[in-house]
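*Asks:* okay, predicted coordinates and the sequence, questions at the end:
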Amino acid sequence: MNERLQWAGAVFIIAMHVGNAIGPAAYPYTLIAAFLGTVCFMLWSYRVANKPQLLVNVVAMTILVVGLYKAFG
């Protein structure tokens, strides 16, 4: 399960970067990809008790929720 979470997170984060390279036409899909990748990596970091990575993901998730609210709210 841990490896699947990491791979899923990697795929979503790569999708986010591809969207960023495409430009504004990919917005808000880049935020959605980043959100899904962050969820995967946050779950993984919790499962393996990697506290520094968990903190990074909690902060990223907070920022992403604000961004998604602005995009869809």
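*Replies:* Here it is on my side, so go on. Numbering: from 1, shown residues only.
*Asks:* what bits of the chain have low per-residue confidence?
*Replies:* Scanning the chain for pLDDT under 70 picks out no residues.
*Asks:* now what about stretch 12-27, what contacts it?
*Replies:* Tyr29, Thr30, Ala33, Ala34, Leu36, Gly37, Cys40, Phe41, Ala71 (C-beta atoms under 8 Å, 6 or more residues apart in numbering). For every residue, glycine as well, the C-beta is placed using N, CA and C.
*Asks:* report the buried residues of that stretch.
*Replies:* Phe12, Ile13, Ala15, Met16, Gly19, Ala26 (16 or more other C-beta atoms under 10 Å).
*Asks:* how far away from the center of its chain is that stretch?
*Replies:* Centre-to-centre, stretch 12-27 and its host chain are 12 Å apart (C-alpha atoms, centre = their mean, to the nearest Å).
*Asks:* then stretch 39-54?
*Replies:* The answer for stretch 39-54 is 12 Å, by C-alpha atoms, centre = their mean.
*Asks:* repeat for stretch 8-18
*Replies:* 8 Å.
*Asks:* okay, now Leu5: neighbour count?
*Replies:* Using other C-beta atoms under 10 Å, Leu5 has 19 neighbouring residues.
*Asks:* scratch that, Val56 is what I was asking about
*Replies:* Val56: 15 neighbours (other C-beta under 10 Å).
*Asks:* just to revisit the earlier point, let's have the buried residues of stretch 12-27 in a markdown table, adding distance to Val59.
*Replies:* Converted to a markdown table, the buried residues of stretch 12-27 look like this (distance: C-beta to C-beta, whole Å):
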| residue | distance to Val59 |
| --- | --- |
| Phe12 | 17 |
| Ile13 | 15 |
| Ala15 | 21 |
| Met16 | 16 |
| Gly19 | 21 |
| Ala26 | 23 |
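*Asks:* from those, which land in helices?
*Replies:* Phe12, Ile13, Ala15, Met16, Gly19 (DSSP state H).
*Asks:* check contacts around Phe35.
*Replies:* Contacts of Phe35 by C-beta under 8 Å, 6+ apart are Met61, Leu64, Val65, Leu68.
*Asks:* now, of the contacts of stretch 12-27, which are buried?
*Replies:* By 16+ other C-beta under 10 Å, the contacts of stretch 12-27 give Thr30, Ala33, Ala34, Leu36, Gly37, Cys40, Phe41 as buried.
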